[in-house]
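> this one's sequence-less:
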């Protein structure tokens, strides 16, 4: 069967979930990947209330929707980051607290461990009738204590980078044990500003946590393509670690030549930019190659549209993206087509 098409709600968190669910149904989606901000999914409420997750499922069912994942990107960013005043705007007050950086990092780590428990509780409460078998997953970010050193000046040696990976391992090791206890996977969205942002750093991050079975990836080609990273090779390198998939597009090699790949301190949508996010099918990602590679590595999870395009109305774009993904996806085959020519098989 073809994979379910879901919508990541992070870019729609200004809308109450009830309103977004109705809209997602109208746009043609099968379900929602619930962001842990806005009123879409509250980790602490899910753990503290007997009725919270049941009410979420009732709301989704009222609009003909399901869910397979929650996403805790914003809190995850603070776990390994060099925390500064920018983080306050993306974090719950309970995580920000007094803003002391180490306190923020520790509270963010606790919140992520709790997200595993909340996800398990949510998925276990799923109503009967959805026969699409998919392991529970929390998608998110890790942050990074060494991202600021990505350009190696002042001169940066490997010992400096290694300290960053050890810091990541120290902070995420206990989190991954909480995920193991809850029987939930963590899907890092490989992305600039994270501990893993390309193929080499993704491999190094895996090694840093001892290839922990709960640490894998939320594959998103848009963050790889404009860097010059082979996003199809990423699928083939980490096929058994792709725990979730975002369908998100970008274009690159555009702009007016005044802004490079680092963005030039410009805003998204600025026509001078070398690269920008686009609605799926409107950018430079070759999604045909992506789907073939996902089939080859036996990824059977949902295809979750993360919609970002500053040049397009988002409701138009969300509906167009859903139709695009449905037309793009196709089930894999375990049969070699030319076996039909063999009369011995008839």
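Happy to help now that I have it. Given the structure is predicted, the values throughout are model-derived calculations rather than measurements.
> So which residues of this protein form strands?
Assigned by DSSP state E, the strands in the chain fall at 5-8, 31-35, 69-71, 137-140, 185-188, 215-219, 242-247, 249-252, 275-278, 303-305.
> Can you lay out the ones you listed as TSV showing mean pLDDT and mean neighbour count?
Every C-beta, even on glycine, is put in place using the N, C-alpha and C of the backbone. Listed next are these as TSV, based on pLDDT from 0 to 100; neighbours: other CB atoms under 10 Å:
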stretch	mean pLDDT	mean neighbour count
strand 5-8	98	26
strand 31-35	98	26
strand 69-71	98	29
strand 137-140	98	28
strand 185-188	98	26
strand 215-219	98	25
strand 242-247	98	26
strand 249-252	98	21
strand 275-278	98	23
strand 303-305	98	27
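> got the end-to-end distance for stretch 191-206?
One end of stretch 191-206 sits 15 Å from the other (CA to CA, to the nearest Å).
> partners of residue 31 in the sheet?
For residue 31, the beta-bridge assignment (DSSP bridges) gives partners residue 6, residue 66.
> So that it lines up with my notes, have the first residue be 625 from now on.
Okay, residue one is now 625; in that scheme the one you just asked about reads as residue 655.
> for the stretch 825-970 of the chain, what are the low-confidence residue spans?
Under the criterion pLDDT under 70, the flagged ranges of the stretch 825-970 of the chain are 958-970.
> Show me which positions of stretch 786-803 end up buried.
For stretch 786-803, the neighbour count (16 or more other CB atoms under 10 Å) marks 788-789, 791-793, 795-796, 799-800, 802-803 as buried.
> For residue 838, see how far away residue 929 is.
From residue 929 across to residue 838, the span is 25 Å (CB to CB, to the nearest Å).
> Same question for residue 725.
26 Å.
> the more surrounded of these two?
Neighbours were tallied for residue 725 and for residue 838 using other CB atoms under 10 Å; the higher tally belongs to residue 838 (23 against 13).
> Confirm for me that the more buried one is in contact with residue 810.
Yes: the criterion here is CB atoms under 8 Å, and residue 838 meets it with residue 810 at 5.6 Å.
> what residues are shared contacts of those two?
800, 803 (CB atoms under 8 Å, 6 or more residues apart in numbering).
> Poorly predicted segments of the stretch 625-774 of the chain, please.
In the stretch 625-774 of the chain, residues with pLDDT under 70: 625.
> and with 50 instead?
The stretch 625-774 of the chain contains no residues with pLDDT under 50.
> What ranges does it have for its helices?
Using DSSP state H, counting those that start in this stretch, the helices of the stretch 625-774 of the chain run over 641-651, 667-672, 676-686, 697-704, 717-720, 725-748.
> want to throw the ones you listed into JSON lines with distance to residue 776?
Conversion of these to JSON lines gives the following (distance: least, CB to CB, whole Å):
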{"stretch": "helix 641-651", "distance to residue 776": "43"}
{"stretch": "helix 667-672", "distance to residue 776": "37"}
{"stretch": "helix 676-686", "distance to residue 776": "46"}
{"stretch": "helix 697-704", "distance to residue 776": "19"}
{"stretch": "helix 717-720", "distance to residue 776": "32"}
{"stretch": "helix 725-748", "distance to residue 776": "24"}
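> Please identify the most buried of those helices.
helix 697-704 (a mean of 26; mean count of other CB atoms under 10 Å).
> How far does it sit from its chain's centre?
Here helix 697-704 is found 13 Å from its chain centre; the criterion is CA atoms, centre = their mean, to the nearest Å.
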